[in-house]
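In: Attaching a predicted model along with its sequence, questions to come.
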Amino acid sequence: MSGVSLVGVTKMYGAVKALDHVSVDVRDGELLALLGPSGCGKTTLLRCVAGLERPDRGSVEIGEADITVTPTRERPIGMVFQNYALFPNLTVRQNIAFPLEVRHRPRTEIDARVYELLDLVHLTEQGDRYPKQISGGQAQRCALGRALAPNPEVLLLDEPLSALDALVRGRLRDEIRRVQQLVGITAIYVTHDQSEAMAIADRVAVMNAGRVEQIAAPADLYDMPSTQFSAKFVGSRNAVELAVRNGQVGIPGSFQIDAPAGSNGHALAFFRPEDVKVSVGDDGPGMAARVELKIFLGATTRLHLVGEADGEPIALFGDLPSRRARQIGEGEMVRVDVDPDHVQAFPV
Ligand code: ATP
């Protein structure tokens, strides 16, 4: 097995810079998710690894080999696309066998490998069905089996769950992860869904406008986004613009932290709704705030809170365990406190 390295990859489409000097190392056996909004360059990056696009600058390596100009069919990769791309006239078994047939592998080897893969992707019973006779989730498992058939070194997945409904999506996501770990294959997984990226990946690369903003393990990205873009894009956060005073920003009575370098008059403070401490009653520590709205989310309830600092209204969200939130009614006054260790500020 092998890792993948992109070194200074730039890709232009006319005047559009789809990739802007991107360098990424995907470790051997790792699943790296490429996460970002539409048009940020995720698919272009994947297509450069697949050989479906050629970078204008920079290089792509798999293991020790520079494959920047190697044709797709000669790259040691398997691909899974959003739309399954199965051959409709071939059965599940024949679809999985196809990449081995075109490589003229011996019949006994093909049969043994297909048997093994049908078991791996849990399709043994559906082996003789045609694509139109199986569900979307099964079709994608078949596509996964076909991609893995020739024992590629790298698996590339482009939004493989987008065409499926929510319930199947969650199950297949876990299934893809199980298979990837079992096989121990290096994988790159494109998605615009942050919860999917966090759930499936060893590390997540957050992309923005053709660049990689941050690469981090899901929990680190969730706790400590390193850029304002990552903070806005990953997880739901309060983003409160605050005045800088004496080198500090804060909500009076609630938290106070050093202003970020480069802030000019104002800074944007980010903190998670679950890090907002809400206490009942209108005295005690924290900023006084009114509960404008309560949204029941199951285990937690989200409170829409409005307080005031320096005569300006401050709106923020606070998440509470739902059992606690039952004691708080809409329209009630509460105190709101935020642990400064969980606040990040960026220059406006
Ligand atoms: P999405 O999630 O919508 O698929 P993405 O992050 O995968 O988006 P890319 O498809 O990589 O983004 O596109 C990156 C940029 O390059 C976009 O601005 C897109 O419009 C542009 N682009 C992509 N392919 C082409 C093409 N063949 N010709 C011209 N521009 C292109």
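Out: Yes, it's here.
In: Quick check: residues of the stretch 151-300 of the chain near the ligand?
Out: Within the stretch 151-300 of the chain, the positions near the ligand by Cβ under 6 Å from any ligand atom are H192. Where C-beta positions appear, they are placed from N, C-alpha and C, glycine not excepted.
In: Only the buried residues of the lengthiest helix in the chain, if you could.
Out: If you go by DSSP state H, the chain has its longest helix at helix 166-183. Residues of helix 166-183 classed as buried: V168, R169, L172, R173, E175, I176, R177, V179, Q180, V183 (neighbour count, 16 or more other Cβ atoms under 10 Å).
In: tell me the contacts of the first one?
Out: If a contact means Cβ atoms under 8 Å, 6 or more residues apart in numbering, then V168 has S135, G136, G137 as its contacts.
In: which of these tops the neighbour count?
Out: Neighbour counts for the contacts of V168 (other Cβ atoms under 10 Å) peak at G137, which has 18 neighbours.
In: from the middle of its chain, how far away would the longest helix of the chain be?
Out: Centre-to-centre, helix 166-183 and its host chain are 14 Å apart (Cα atoms, centre = their mean, to the nearest Å).
In: ditto for stretch 316-336
Out: Distance of stretch 316-336 from the chain centroid (Cα atoms, centre = their mean) equals 30 Å.
In: what does stretch 41-57 give?
Out: In terms of Cα atoms, centre = their mean, the centre of stretch 41-57 is set 19 Å apart from its chain centre.
In: residues in contact with it?
Out: Residues outside stretch 41-57 that contact it (Cβ under 8 Å, 6+ apart): 4, 6, 8-12, 18-22, 24, 34-36, 60, 62, 67-72, 75, 77, 79, 154, 156, 158, 188, 190-192, 207, 209-211.
In: now those: which count as buried?
Out: Applying 16+ other Cβ under 10 Å to the contacts of stretch 41-57, the neighbour count classes 4, 6, 9-11, 18-20, 22, 24, 34-36, 60, 62, 67-68, 75, 77, 79, 154, 156, 158, 188, 190-192, 207, 210-211 as buried.
In: Narrow those to those in strands?
Out: Using DSSP state E, the subset of the buried ones among the contacts of stretch 41-57 located in strands is 4, 6, 9-11, 18-20, 22, 24, 34-35, 60, 62, 77, 79, 154, 156, 158, 188, 190-191, 207, 211.
In: ok, back up a step: if we take the buried residues of helix 166-183, which one ends up nearest to the ligand?
Out: Using Cβ to the nearest ligand atom, R169 comes nearest to the ligand of those, at 16.2 Å.
In: What parts of the stretch 1-150 of the chain come near the ligand?
Out: Contact residues (Cβ under 6 Å from any ligand atom) of the stretch 1-150 of the chain with the ligand: Y13, V16, A18, G36, S38, G39, C40, G41, K42, T43, T44.
In: Can you tell me the element the residue nearest to the third one when sequence neighbours are not counted falls in?
Out: Distances taken as Cβ to Cβ, 6 or more residues apart in numbering place T44 nearest to A18, at 4.2 Å, with adjacent residues excluded. Assigned by DSSP states H and E, T44 falls within helix 42-50.
In: now P150
Out: P150 belongs to no helix or strand, assigned by DSSP H and E.
In: heads up, I number from 40, so please use that
Out: That works, and once the first residue is 40, the last one we named lands at P189.
In: quick one, what contacts the residue lying closest to it once chain neighbours are set aside?
Out: What sits nearest to P189 in space, not counting adjacent residues and going by Cβ to Cβ, 6+ apart, is P138, at 4.8 Å. For P138, the contacting residues are R185, A188, P189, by Cβ under 8 Å, 6+ apart.
In: if I look at the spatially most central residue of the chain, how far off is the ligand?
Out: In the chain, the residue lying closest to the centroid (Cα atoms, centre = their mean) is A236, at 2.7 Å. Distance, A236 to the ligand, by Cβ to the nearest ligand atom, to the nearest Å: 12 Å.
In: What are the contacting residues of the strand or helix carrying that residue?
Out: Element membership of A236, judged by DSSP H and E, is helix 233-239. Outside helix 233-239, the residues within contact range by Cβ under 8 Å, 6+ apart are 70, 72, 74, 200, 208, 212-213, 215-216, 228, 230, 243, 257, 260-261, 272-274.
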